[in-house]
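Participant: Got a sequence here, can you build the structure:
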Amino acid sequence: MFAHRPLIWIGQCRRAVKNDRHIIGYASGNFGKAILLGTIDVTLLYLLTDVIGIAPARVSQLMVLVLAGDLMFDLLAGCIAGRAERHGIGYRRLIVLFTLPCALVFAAIYSFPLSGIDDIVVAGALILCFRAVFAAIDVPHNGLLARVTADSHARGRASGYRTIFSSIASITIACAIAPLMHGAVGSAAPERMAWLGIAGGLLFCASLLLAAWCSKPAHNAAPARHRQLSTRRLFPRPDSLFAAMASIALITGFATPMFVKTLLYLCTYVLQSPEFAGQVLLMLAVSQILGAMFWIAMVRHQDKTSLLAMSHAITVVGIVLFAAAGENRIALLTYAALIGIGFAGVFMLPWGILADIIDFSEFRYRDRRETLSFAVMLVLLKGGGAAALATIGGTLAALGYVPGAVQPPSVLLGMKVLAFGVPAVGSGIAILILRHLDIGHTLHARVSRVNRMRRTRLG
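Facilitator: Residues are numbered from 1 along each chain as shown. This is a model prediction of the structure:
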C-alpha cells in the first residue's frame, strides 16, 4: 500500500497540472517580466557607470527620477487599462500591443555601448520610456489574475505558479546573466551588452505572448457604469479589506526584503565572507521554488490568509535561527532554505488574496476596479522597497559605517537589527492583521455566485 503512494501522488500532480494549464500559461508571463526587471536591477548601474562611464552621482540622481516616474507610470497604467477594458480592449490585447515595444526599448538600453551613447539625458529618456511601457504590460498582466479564474483555490495556485516562474528567472540571472555581465570588459563589453539586450527581449516576448494567449478570462468584466471621472475613482475603494492589504503590501515591500538587501553587508562584515552571499541567494531562490510548490498544495486545504500568516511565521523562525547560527555554513544554508520557503508564501499569496478582495469590493459597491487595485499594490511594494534602501543607507551612515573598513560594534549591531529585527517585526504585524482578515474560500465562493448573478441580470 505504501509503495503505491508516490505513484498516486505523481498521478494527482499530473491531473492538477493538466487542469491548471491555462493558469500556468498565464503565470509564465512572470518569467519574462522577472528576466527584464531582474537584469535591470543587477546590471543597469554597472552598465551606466563602469561600461558607459557616467558619473555615479549623476546616475544616483537619475535613479531617483526613474523611481518617481515608475510609481506614476503604474497608477497611470491602471487608469488606462481600466478605461481600455470598458471600451472593449481587453487586458490581453494591451499585453500583446506593448510587448514588442518594451522588448525593443530594453534592447536599445543595452546597445548604448555599441552605439556610442554616453549622454545621461538620452539614457534617462530611454530608461523612463522602458518603465512606462513595462507598466502598461505589468499592470494588466497582474489584473488578469482576477480574470483567468474566479475560484479562490485556483487563484492561490496561480500565485504560486507566478512565484515559480519568477524564481526560475532569478536563477537564470544568477547563473547566466550576471556572469555574462562580469565578463563584459574591454572591447568585448559593447557586443556582449547588445546580445544581452536582444536575448532578454526575446525571452520576454516569448513568455508574455504565451501568457496573453493562454489567459482566456473565466468571466467578463462587470458592466460599465457611466460616471463622471473624479479623483476618488483613480484609486480602489478605501475600505477595511483594501486597507489591510495595503498594510500587507508595505510590509512585503519594506520589512521582508531587508534580509536580502542587507545580506551582502552581513556576509562581508559580520561573517567575514563576501562570497557566501551568493550561495545564500542561490539557496533562497531554489527553496522559493520548493516553497511555492508546497503552498500550491496547501491552498487546496487552507484559506490563503491562514497560509500567508503561516508563511510569515516560518520566515520569522528561519530568520531567528539564521541569526543564532553563528558562522556554521551548513546551518546558515539550511536556515536560508527555511527562510526561502517562508518567502515563497509571503510574496505569492497576497496577489491571490487581492484578487479575492476585488470580488468582495464588487459585491459591496457593485464597482470593480481591478487594474487600479493591482497598480496601487505595485506602487506600495516599490515604494516600500525604495524606503528600505533609504533606511539601510541612512541607518548605516548615522552609525558611522565606512565602506571597506573594520566596522565598530554599533555598525555590526545595526546591520543585524536591519537584517533580522525589521523583517521579524514586520512579519509579526502582518500576522496580527491577517488574524482579522476573514475572507476564506467558502465566503468568497458565496460572494462570487452573487456577483455572477448580478452580471447575468445586467448583461
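
Participant: where does the one residue sitting closest to the centre of the chain land in three-state SS?
Facilitator: Centre of the chain computed as the mean C-alpha position; nearest residue by C-alpha atoms, centre = their mean is F347, 6.9 Å away. Look at F347: counting by DSSP: H, G, I helix; E, B strand; the rest coil, its state is helix.

Participant: contacting residues around it?
Facilitator: 163, 252, 256, 288 (C-beta atoms under 8 Å, 6 or more residues apart in numbering). Every residue, glycine included, has its C-beta placed from N, CA and C.

Participant: count of residues packed around the second one?
Facilitator: T252 sits with 26 neighbouring residues when counted by other C-beta atoms under 10 Å.

Participant: swap in the third one?
Facilitator: Neighbourhood size, T256 [other C-beta under 10 Å]: 27.

Participant: again, but for the one 4 residues further on
Facilitator: V260 is flanked by 17 other residues according to other C-beta under 10 Å.

Participant: Tell me how far it lies from S170.
Facilitator: V260 sits 11 Å away from S170, going by C-beta to C-beta, to the nearest Å.

Participant: Now I95: closest residue in space that isn't a chain neighbour?
Facilitator: Of all residues not flanking I95 in the chain, A212 sits nearest, at 4.4 Å (C-beta to C-beta, 6 or more residues apart in numbering).

Participant: any idea which helix or strand comes after the helix or strand containing the one you found?
Facilitator: Using DSSP states H and E, A212 maps to helix 189-214. If you walk from helix 189-214 toward the C-terminus, the next helix or strand you reach (DSSP H and E) is helix 240-250.

Participant: Quick check: mean pLDDT of that following helix?
Facilitator: Averaged over helix 240-250, pLDDT sits at 89.

Participant: about what we covered before: quick one: the residue nearest to I95 and G90 touch, right?
Facilitator: No - the criterion here is C-beta atoms under 8 Å, and A212 misses it with G90 at 9.4 Å.

Participant: more neighbours, the two?
Facilitator: A212 (25 against 20).

Participant: give me every residue that touches that one.
Facilitator: 29, 92, 95-96, 99.

Participant: try it again with 7 Å
Facilitator: 92, 95-96 (C-beta atoms under 7 Å, 6 or more residues apart in numbering).

Participant: Turn these into CSV, including neighbour count and distance to V402.
Facilitator: As requested, the contacts of A212 are exported to CSV (neighbours: other C-beta atoms under 10 Å; distance: C-beta to C-beta, whole Å):
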residue, neighbour count, distance to V402
R92, 21, 52
I95, 25, 47
V96, 16, 51
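
Participant: Out of those, flag the one nearest to L196.
Facilitator: Looking at the contacts of A212 and their distance to L196, the nearest is I95, at 23.4 Å (C-beta to C-beta).

Participant: quick one: the one helix or strand V425 maps to to helix 240-250, angle?
Facilitator: Here V425, judged by DSSP H and E, is contained in helix 422-435. With axes from the mean of the first three to the mean of the last three C-alpha atoms, to 10 degrees applied, the angle from helix 422-435 to helix 240-250 works out at 170 degrees.

Participant: Who are the packing partners of helix 422-435?
Facilitator: helix 240-250, helix 258-261, helix 304-324 (3 or more C-beta pairs under 7 Å, 6 or more residues apart in numbering; DSSP states H and E).

Participant: Might you calculate how far that helix sits from the centre of the chain?
Facilitator: Centre-to-centre, helix 422-435 and its host chain are 19 Å apart (C-alpha atoms, centre = their mean, to the nearest Å).

Participant: which parts of the next helix or strand after that helix are buried?
Facilitator: Remark: after helix 422-435, the chain's next helix or strand is helix 441-458, criterion DSSP H and E. Neighbour counts over helix 441-458 (16 or more other C-beta atoms under 10 Å) mark 441, 444, 447-448, 451, 455 as buried.

Participant: Tabulate the residues you listed (CSV), appending pLDDT and distance to R83.
Facilitator: Shown next, in CSV, are the buried residues of helix 441-458 (pLDDT from 0 to 100; distance: C-beta to C-beta, whole Å):
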residue, pLDDT, distance to R83
H441, 85, 32
H444, 83, 27
V447, 85, 26
S448, 85, 25
N451, 81, 21
R455, 75, 20
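
Participant: now these as a markdown table including distance to V317?
Facilitator: Formatted as a markdown table, the buried residues of helix 441-458 follow (distance: C-beta to C-beta, whole Å):
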| residue | distance to V317 |
| --- | --- |
| H441 | 26 |
| H444 | 29 |
| V447 | 34 |
| S448 | 35 |
| N451 | 38 |
| R455 | 44 |
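
Participant: closest to G78 among these?
Facilitator: N451 (20.8 Å).

Participant: So what's the gap between stretch 117-132 and the chain middle?
Facilitator: The chain centroid and the centroid of stretch 117-132 are separated by 23 Å under C-alpha atoms, centre = their mean.
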